[in-house]
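Chemist: below are the sequence and a predicted model; questions follow.
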Amino acid sequence: MTDDLEIPHYEPGPPAFAPPFYLSHQRWDARHKCFNLGGMHVCARCLGTYPVLFAVLVWQLRRPMAPLDHPWDLWLLFVLPIPALVDWAFGQLTAWRGSNGLRLGSGALLGVALGRALYIHMRHPGTVKIYAFGLVLVGFAGIVWGLRQVLGSRRVDGSGGPPG
């Protein structure tokens, strides 16, 4: 045995296989959008969205005959998602990094809207307001993705190319 064994130096970067990202759809270069929970990366917005979505859905299902029409539905479906949509759009189109707290909170608001929409759809498929809700979300995403392609080389951060 010799004492002159060299310990290799590794630069941080994406591993060939990235098991710490089991609960995240983010790429390695966007890991700042994740919480590191017990060595696993969990998307911050998803961590706010999915537990709240399921809690809202279960709460409505456990109530006998939770209403399909509620005076607050337009607010719940079309206003609560706005913070998540705006934060996501800024992250796609600019150098805006935001914060995981903002992503978590806006994800929770989005979860309320999605939980309400899913409940209405489960109880009465084909409701116009649910189709409108889906079209607004898909339409917004389409516009942002289109702008990302058009503005890719003129991003605010000057990096050129579409954001990650």
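Modeler: Cool, the structure landed. Numbering: from 1, shown residues only.
Chemist: what is the helix or strand hosting Gly142 packed up against?
Modeler: Per DSSP states H and E, Gly142 falls inside helix 128-151. In terms of contacts (3 or more CB pairs under 8 Å, 6 or more residues apart in numbering; DSSP states H and E), helix 128-151 is packed against helix 73-78, helix 82-93, helix 100-123. To be clear about C-beta, it is placed using only N, CA and C from the backbone, and glycine gets the same treatment.
Chemist: and the residue nearest the centre of the chain?
Modeler: Residue closest to the mean C-alpha point of the chain, counted by CA atoms, centre = their mean, is Arg45 at 4.3 Å.
Chemist: list of residues touching stretch 106-117?
Modeler: 44-57, 60, 73, 76-78, 80-81, 83-84, 87, 130, 133-134 (CB atoms under 8 Å, 6 or more residues apart in numbering).
Chemist: buried subset of these as a ChimeraX selection?
Modeler: In ChimeraX, this line selects whichever of the contacts of stretch 106-117 come out buried by 16 or more other CB atoms under 10 Å:
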select :44,45,46,47,48,49,50,52,53,56,57,60,73,76,77,80,81,83,84,87,130,133
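Chemist: ok, the closest residue to Tyr119 other than its chain neighbours to Gly98 distance?
Modeler: Once flanking residues are discounted, Tyr119 sits nearest to Gln60: 4.4 Å by CB to CB, 6 or more residues apart in numbering. From Gln60 over to Gly98 the distance is 30 Å, taken as CB to CB, to the nearest Å.
Chemist: can you give me the pLDDT of Val150?
Modeler: pLDDT recorded at Val150 is 89.
Chemist: no, scratch that, I was asking about Ala55
Modeler: Per the predicted model, pLDDT is 97 at Ala55.
Chemist: if I pick it, what's in contact with it?
Modeler: Counting by CB under 8 Å, 6+ apart, Ala55 has contacts 111, 115.
Chemist: neighbours around Leu93, how many?
Modeler: 18 (other CB atoms under 10 Å).
Chemist: can you tell me the SS state at His41?
Modeler: Look at His41: counting by DSSP: H, G, I helix; E, B strand; the rest coil, its state is strand.
Chemist: so what pairs up with it in the strands?
Modeler: Beta-bridge partners recorded for His41 (DSSP bridges): Asn36.
Chemist: now it: how far from Gln92?
Modeler: 20 Å.
Chemist: report the secondary structure state of Asp60.
Modeler: Actually, residue 60 is Gln. It isn't Asp. Assignment for Gln60 (three-state DSSP): helix.
Chemist: distance of it from Trp145?
Modeler: When Gln60 is compared with Trp145 (using CB to CB), they lie 32 Å apart.
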